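Trainee: I would like the atomic coordinates for the input below:
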Amino acid sequence: MLTVNEVQQKLNTIGFFNQFVVVFNKVDGTERRMRCYMEPPVDTKEKPYVPVHDVDNGDAFRSFRLDSVVSLSEVS
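Mentor: Numbering: from 1, shown residues only. Prediction:
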């Protein structure tokens with residue numbers, strides 16, 4: 001499991017509109033793998049979650065909690 005700071009650093013390195021794969025634990029305890037990308041935020045308030053677009057699910061809007069990330073890697 002990655003720390004919140006590690007997740008934030010990796011996301012800052014990946015940047016907006018670049019695809020990445022995140023593995024995280026859902027609220028119900030199950031693990032999920034998602035290929036997605038971030039857009040620039042509309043507001044600048046810090047949130048405990050990351051809004052993303054799920055590439056494998058028709059660009060559907062999804063989110064994951066910063067404190068639930070198991071792994072995070074950029075798609076090359």
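Trainee: hey, let's count contacts and neighbours off CA atoms from now on
Mentor: Noted.
Trainee: Now do the strands in the chain.
Mentor: In the chain, the strands defined using DSSP state E lie at 20-25, 31-37, 49-54, 60-65, 69-74.
Trainee: Kindly reformat those as CSV containing mean neighbour count.
Mentor: Putting the strands of the chain into CSV (neighbours: other C-alpha atoms under 10 Å) gives the following:
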stretch, mean neighbour count
strand 20-25, 19
strand 31-37, 18
strand 49-54, 18
strand 60-65, 15
strand 69-74, 17
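Trainee: could I get these as CSV with mean pLDDT and distance to N12?
Mentor: Shown next, in CSV, are these (pLDDT from 0 to 100; distance: least, C-alpha to C-alpha, whole Å):
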stretch, mean pLDDT, distance to N12
strand 20-25, 98, 12
strand 31-37, 98, 12
strand 49-54, 97, 12
strand 60-65, 97, 16
strand 69-74, 97, 11
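Trainee: Figure out which of the ones you listed is closest to T13.
Mentor: Comparing the strands of the chain against T13 with C-alpha to C-alpha, the closest turns out to be strand 69-74 (9.2 Å).
Trainee: Neighbouring strands - and their directions - for that closest one?
Mentor: If you go by DSSP bridges, strand 69-74 pairs up with strand 20-25 (antiparallel).
Trainee: related to what we said a few turns ago, closest to I14 out of the strands of the chain?
Mentor: Going by C-alpha to C-alpha, the one of those nearest I14 is strand 69-74, 6.4 Å.
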